[in-house]
Structures are given as structure tokens and as C-alpha cells.
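Student: take a look and give me a structure for this.
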Amino acid sequence: MNAPEPTLTPNRMTYREASKQALREALLSDPRVFLMGEDIGRYGGCYAVTKGLLEEFGEERIRDTPLSESAFVGAGVGTAMAGMRPIVEIMTVNFSLLALDQILNNAVTIPHMSGGQFAIPLVIRMATGGGRRVAAQHSRSLEGWYAHIPGLRVLTPATVEDARFMLKGALADPNPVIIFEHVMLYNMEGDFPSDMKEVDIARAKVRRAGRDVSLITYGGSLFKALQAADALSSEGIDAEVIDLRTLRPLDTKTIIDSVARTRRCIIIDEGWRSGSISAEVGMRIAEEAFFELDAPLRRVCSREAPIPYAAHLEDACLPQAATIVAVARELIRPS
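Tutor: Take a look at the predicted model:
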């Protein structure tokens, strides 16, 4: 008689812990990997993701840096060219603007301009998004800016499993990769199978199947979309939720397949509407699936203004589940 298959107990942890375990695994598996950024060592990171890693791995591999994004991102580019595997943390996407020259004019272009003689296997992690009441200079969502640039891979892990395993795929890429971690996700808890070892960073994922409307989103807006889908189900509206996961390169096939099933689409994007990733997704649908649509494409984005400090104004500025519900209701049952 065959023995029964063992039951696998799912791993449950916070998004913060999943990110930390991903970093720890990278450090243990490859001696070329080291971390670099502001306050990541003794302080344990602004979001406590790197807490304890300095004590375990030492100052050679967990490097606190001066408050100069241009300098330490530039050092990351140089060490990547020299054969190391640096993981650079920028405290928030807002501060990455100080390192745009290093990212866009060096990390991205050197492989091309050297005729492939140099690779830049640089991974940059940065927090993004609003919701923490820290005002305009700490609350932007600029993922769409970076997704505009050929030569970058742009990852937006929204779930605990993606926070845990996307880094592995990023480190395997010979070109620069940016990982955007939404600030409101760090305390979120989630499960993933105990036998899971990797995720496919090249593919979007259907997080909730549905037949009436596609809610297409990424990062911190994923859970607002799922909340909206639950609310819509009580009204008899069956929403499908697509997690883009990777903004460059976009998985256009999963997007088009979803729209072909539901024939209606709402794109939710915490970035500003003008020139956003939502505009790119919408245009791809218009180009490739226009005749699949039974209703106009719709978007729910942040208001076209700097993110306010006051709680009620910030909430009004950012996409919310209630807004998604209202737009979906209007799309499916117009008055």
C-alpha cells in the first residue's frame, strides 16, 4: 500500500519578511552579491527589510552609504561592470531622481554602447507610492517613467510570493532591473506554498478569474482591485483581476486574453493619468483587441496633483476601491 502524499504547509509571512528572506537567500547563494544603500546596515533599513543582515553577513556585504544617490548608484554600476552582483536600495522612488544619470545614461546604455562587451547586472530596489501621509516628496509613483526606458526590466511585486521570489529572477538578468515595492504592502501578510522556489517574472497573473470586466493593475493597487471585485460580486458583477507584475516588458498576451474574455476593461494605476503606464496598456488593447470590446476603455488613476499630506486629501487623490466599483458599475450598467 502506497504511503499518502505529505501535506505541504504553506509559508506565511509579511511582505517585509519575504523581501528580507529573498535578500538573505541571494547573499547566501552567491558571494558576488552585496547590498548597498542608506541606513540599510546598523539601522536595518528605513522599512526594516534589511534588519539583522549586517550582523549575519558583515560590513563587506551590507554597506551603509552616504546620502548621495548619484554616488552609490554609480558605485553599483561600476561594481556590476566589474563582475559583482550589487543590490542597491534607494529609500524611495522620489530620491531616485538624484540618480537618473547613473541609471538611464550609464546602467541602461553601457551594454548597448559597448557593443555588448559589458553587462550591467545591477538590481535596484526602491519603495514607491502613497498612503503613508508623508506628503508630495515621499509619495510619488514613478514606475511608468522607468517603464518607458528600453534596457530596463521593471518589476512590481504586489504579493508576498512575488516579494519572496522575484529577486532571484532579477539577479539572473544580465541587464539592470528595478524592483518597486509599494510602501503600504510591507506589513501585509500572505501565504505561498512551502515547495515554491521561483516565480515567472516575464508573465502577468490572473489573481481573480471573472467574466464581466477586467480590472488590470499592479503593485499597491492590486488589493484595491481585489476589494472592488469582491464588492462587485455582491451586485452580480463578476470582475477579473490581472496583476501586471512586470511593467517592462509588458505581458501583452495575458492582457489581451483577459479583455477577450470579459469584453470590458478598467486599468487602475497609482501613477498620474497623463503619460502613465495605464495609457500604454490601454493603447495596446486598442491596437490589438479593439473589436473585442463592448464598452469604452476606462482608467482609475491618481489625481493630477502633487500627493497631499492631509489624510482626507491623500485618500481623495489616490485610486480607491470605491472608485473602481463606481466605474465598473457605470461601465456595465450605464444609466
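Student: let me see the ranges of the strands in the stretch 151-300 of the chain.
Tutor: 153-155, 177-182, 189-192, 205-208, 213-217, 239-243, 246-248, 265-272, 298-302 (DSSP state E, counting those that start in this stretch).
Student: and the gap between residue 185 and residue 49?
Tutor: 11 Å (Cβ to Cβ, to the nearest Å). Using the backbone N, CA and C atoms, a C-beta is placed for each residue, glycine as well.
Student: same question for residue 199.
Tutor: From residue 199 to residue 49 the distance is 18 Å (Cβ to Cβ).
Student: quick one, which of the two is more surrounded?
Tutor: With neighbours defined as other Cβ atoms under 10 Å, residue 199 and residue 49 compare such that residue 49 has more, 25 against 20.
Student: helices of the stretch 51-200 of the chain, start to end?
Tutor: 53-57, 69-81, 100, 110-113, 143-147, 160-171 (DSSP state H, counting those that start in this stretch).
Student: let's have those helices in TSV, adding mean pLDDT.
Tutor: Below are the helices of the stretch 51-200 of the chain laid out as TSV (pLDDT from 0 to 100):
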stretch	mean pLDDT
helix 53-57	97
helix 69-81	97
helix 100	96
helix 110-113	94
helix 143-147	96
helix 160-171	97
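Student: how about these in JSON lines, adding mean neighbour count and distance to residue 279?
Tutor: Shown next, in JSON lines, are those (neighbours: other Cβ atoms under 10 Å; distance: least, Cβ to Cβ, whole Å):
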{"stretch": "helix 53-57", "mean neighbour count": "16", "distance to residue 279": "39"}
{"stretch": "helix 69-81", "mean neighbour count": "20", "distance to residue 279": "28"}
{"stretch": "helix 100", "mean neighbour count": "14", "distance to residue 279": "21"}
{"stretch": "helix 110-113", "mean neighbour count": "16", "distance to residue 279": "26"}
{"stretch": "helix 143-147", "mean neighbour count": "24", "distance to residue 279": "8"}
{"stretch": "helix 160-171", "mean neighbour count": "23", "distance to residue 279": "24"}
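Student: now the most centrally placed residue in the chain: how far from residue 91?
Tutor: Geometric centre of the chain, nearest residue: residue 156, 1.2 Å, by Cα atoms, centre = their mean. Distance from residue 156 to residue 91, counting by Cβ to Cβ: 18 Å.
Student: check contacts around residue 320.
Tutor: residue 224 (Cβ atoms under 8 Å, 6 or more residues apart in numbering).
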